[in-house]
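Student: Need a 3D model of the following:
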Amino acid sequence: MASLNHLQACNAGIVSLGTGAQSPFTSRVELDKKLDSKAKVRAVVVQSYDFAIEAIKNFDMSKGDEMVEAFGQNFPRMEWIKKAFEHQTHHRGQATIYLRMQGIKPPPEKLF
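Tutor: Got it, this is the predicted structure:
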């Protein structure tokens, strides 16, 4: 579950950097000991995706070239948004491998 908590924290954090929208999470949720069940973890992961979708929908594209510095990196807002997508794709790949190793068919992707 720690990996999913990490995914949630980065979804909200990186999208917040890109869009300027305020993340709904005020602390390092990935370290929250109260997220001790599948249902609780799922709820915050879904909340992080809901936040990301709304933040990107409401993003003012004219600000896409504004530079934002974080983690010792300085990128345009649009690059931070792309990095959020790259990060979740990385973890989707990890989860797919784990599921297959357990004999579970991963859910299908919607590429187009």
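
Student: quick one, strands of this protein?
Tutor: Along the chain, counting by DSSP state E, strands occupy 67-70, 73-76.

Student: What separation do you get for Asp50 and Lys38?
Tutor: 18 Å (C-beta to C-beta, to the nearest Å). Bear in mind the C-beta positions are built from the backbone N, C-alpha and C, glycine included.

Student: What is the neighbour count of Ile104?
Tutor: Neighbourhood size, Ile104 [other C-beta atoms under 10 Å]: 10.

Student: Quick one: residues contacting the spatially closest residue to Ile81 that is not a sequence neighbour.
Tutor: Distances taken as C-beta to C-beta, 6 or more residues apart in numbering place Gly18 nearest to Ile81, at 3.8 Å, with adjacent residues excluded. Taking C-beta atoms under 8 Å, 6 or more residues apart in numbering as the criterion, Gly18 is in contact with Ala55, Ile56, Phe59, Val68, Arg77, Met78, Glu79, Trp80, Ile81, Lys83, Ala84.

Student: I'd like to know which of the residues you listed are buried.
Tutor: Neighbour counting by 16 or more other C-beta atoms under 10 Å classes Ala55, Phe59, Val68, Arg77, Met78, Glu79, Trp80, Ile81, Lys83, Ala84 among the contacts of Gly18 as buried.

Student: Helices - which of the residues you listed land there?
Tutor: Applying DSSP state H to the buried ones among the contacts of Gly18, the entries found in helices are Ala55, Arg77, Met78, Glu79, Trp80, Ile81, Lys83, Ala84.
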